Each structure stands twice: as C-alpha cells, then as structure tokens.
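Peer 1: need a 3D model of the sequence below.
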Amino acid sequence: MTGSQLLAQATRALIAAGVPDAGRDARRLLAHVLKVPPGRLTLFLPEPVEGQLQVIFNVLIERRCERVPVSHLTGRRLFYGREFLVTPEVLDPRPETETLIEVALSAPFHTVLDLGTGSGCILLTLLAETEETRGFGVDLSPEALNVAFWNRNALKLEARAGLEQGSWFEPLAGQGAIFDLIVSNPPYIAADEMAGLSPEVRDHEPRLALTDEDDGLSAYRAICAKAGPFLAAGGRLIFEIGATQGPPVRTLMETHGFQDVQIIRDLDGRDRVVSGTKPL
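Peer 2: Residues are numbered from 1 along each chain as shown. The predicted structure is shown next:
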C-alpha cells in the first residue's frame, strides 16, 4: 500500500473509534513510523510503504483507537519548540501551558523553582530560553523525575538544573535556597471532575499529576502558605490553573500577601495563569 492509502485507511479507523482530530493523528503517527518530519510527509505519500512499517503503523493506529495518547505512542511531545521525552509516568505537555512560559519570560530572573516538575518541560524551557539562569525541579514521583533527568540531559542542562524528589518545598528545607521565580502546574482537577475527562487523560496520564483527590485547590493552598521564605523580595509566583480557578487562586495569593496578582488568559480566551509578586 502507498502512504496515501495507509493514511486514508487509518483515518477512517480513528474516526470510527471516535478519536478527535483523526486525520492529524494519523499523519503524526505515519510520519513517526516513516521517520520523516510531519511537514514533509506529503512528499512520501505516493510511495509504497514497506510491509514491516505497515504492520508497525497499523498497531499504533489500533492503540490510538483505544485512546492511548499520541505522545505515548511516539514517546515524544513538542513543547515551546523543543522535543521532550514523554511517558505514561508524566503529564503530557500541553500547548496551553506555554502561556505560563510566556508570563514567566516577561520579566528577568536568575533562579527558578518548578514545583511538580513532571517531565521538566517548564523548568527546562525557562532555562533554555534564558542565559546564565539556574533552576531546581521538585516532584513527588521518582518515575516522573527519571523522565525529567532524561530531558535535562538531552538538552545539555545538567549544570544549570537540579532535580529532587519530594513534596513541594520539603527537599529544600534548611538549605536557605531563595528563588527569583517559583512556577507550578500542580494537580488542579477536582476529584468529582475526573470522570468527565477524555479517555486519553483519565485512563493514560498519572492520576497524581491530575487531581488532588479533593476540590482542586489543595496544591495552591499548600504552595501559597509556604512559598514566602523561598521567594526573594520582588520575586514572582506563577501558577497554571483550571479555567474556573482564577478568582479563588487570586484570593489565596492575596490572602498570603502577594501583590499585583493577575489572571492571564490563554490563546483560547480561558483563564490559564495566575501571577503574583512578593512585596519588596
């Protein structure tokens, strides 16, 4: 079969399985199997595809029909122009999280702490986009940290990024570490909202990174309450949030003394980031 025939067959299968953006996913998976850039796939579609590659592609399509995320099938996810290793042990980096990156980069910083670092995509992107900055990532999951270590080394940021296992600020206790910037994309989905998530998220991403098993605000409470000693005067605390969490997270930050608290929307017009500053 030619690439075009394979692509058409796969797209029909994905549509029948109810997969959103079936054509896009079929193209991404075929490009992955053929080891060609997705943007150049069209050039290869008229050509016959080797039998073994057809088998591999069809297996990937079957798994995508089972709603396994594309990033788990390819092992990679593009985030802010860089490719990151992604496994079922970490949250799949999402385009809307790039809003947090833009907000963080809107003002200078020398040191950054990423709480709940997961794949490391936020921390490592911030370091890669700046010069002479250093950072530290913390995650409760050792499996997630293994992925972050791999991504850090692949980007050659070993000398600038430290990684440690633990809960929020615990690994830094007693070290006297102070940061210009603290960022976090914590688990913010309420327990009663989990059932309504897409199968890709609900069934294939780590529950620990998705929900606090409560009202979705537990992580914000914990971080806001303890951030003060770890943040320099004039330093910023920046959260990613769910679309309805802007007002309560803003209130939490103001209650704990943060100033200039702002809610920033993503490109789809949804509240996505809350940013506040520690008083001078």
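Peer 1: and the helices in the stretch 151-280 of the chain?
Peer 2: Chain-ordered helices for the stretch 151-280 of the chain, with DSSP state H, counting those that start in this stretch as the definition, fall at 199-204, 207-210, 218-226, 246-255.
Peer 1: in the last one, what's buried?
Peer 2: Just to be clear, that refers to helix 246-255. Using 16 or more other Cβ atoms under 10 Å as the burial criterion, the residues of helix 246-255 that qualify are 246, 248-250, 252-253. (C-beta placed from N, C-alpha, C; glycine too.)
Peer 1: now do that helix: which elements does it pack against?
Peer 2: Other helices and strands packing on helix 246-255, by 3 or more Cβ pairs under 8 Å, 6 or more residues apart in numbering; DSSP states H and E, are helix 218-226, strand 259-265, strand 271-277.
Peer 1: if you set the cut-off to 10 Å instead, what comes out?
Peer 2: Here helix 246-255 is seen to pack against helix 218-226, strand 231-240, strand 259-265, strand 271-277 when contacts are counted using 3 or more Cβ pairs under 10 Å, 6 or more residues apart in numbering; DSSP states H and E.
Peer 1: show residues contacting that helix.
Peer 2: In this structure, residues lying in contact with helix 246-255 by Cβ atoms under 10 Å, 6 or more residues apart in numbering are 188, 215-217, 220-221, 223-225, 227, 237, 239-242, 245, 258-265, 270-277.
Peer 1: quick check: angle from it to strand 271-277?
Peer 2: Inter-element angle recorded for helix 246-255 and strand 271-277: 10 degrees (by axes from the mean of the first three to the mean of the last three Cα atoms, to 10 degrees).
Peer 1: any idea how far helix 246-255 is from the chain center?
Peer 2: Centre-to-centre, helix 246-255 and its host chain are 23 Å apart (Cα atoms, centre = their mean, to the nearest Å).
Peer 1: quick thing: my sequence starts at 31, can you match it?
Peer 2: Sure, I'll start counting at 31 from here, so that last one is helix 276-285.
Peer 1: which one of the helices and strands packed on helix 276-285 lies closest to residue 180?
Peer 2: Proximity of these to residue 180 was assessed by Cβ to Cβ; the nearest stretch is strand 261-270, lying at 22.6 Å.
Peer 1: count of neighbours near the closest residue to residue 243 other than its chain neighbours?
Peer 2: Ranked by Cβ to Cβ, 6 or more residues apart in numbering and with sequence neighbours excluded, the top spatial neighbour of residue 243 is residue 221, at 5.0 Å. For residue 221, the tally of surrounding residues (other Cβ atoms under 10 Å) stands at 14.
Peer 1: residue 221 reaches residue 227, doesn't it?
Peer 2: No. Look at residue 221 against residue 227 with Cβ atoms under 10 Å: they stay out of range, at 11.6 Å.
Peer 1: what do the two both touch?
Peer 2: By Cβ under 10 Å, 6+ apart, residue 221 and residue 227 have these common neighbours: 240-241.
Peer 1: tell me which of the helices and strands packed on helix 276-285 sits most buried.
Peer 2: Most buried of these, by mean neighbour count (mean count of other Cβ atoms under 10 Å): strand 301-307, with a mean of 23.
Peer 1: next, the buried residues of stretch 114-130.
Peer 2: For stretch 114-130, the buried set under the neighbour-count rule, 16+ other Cβ under 10 Å, comprises 114-117, 119-123, 126-130.
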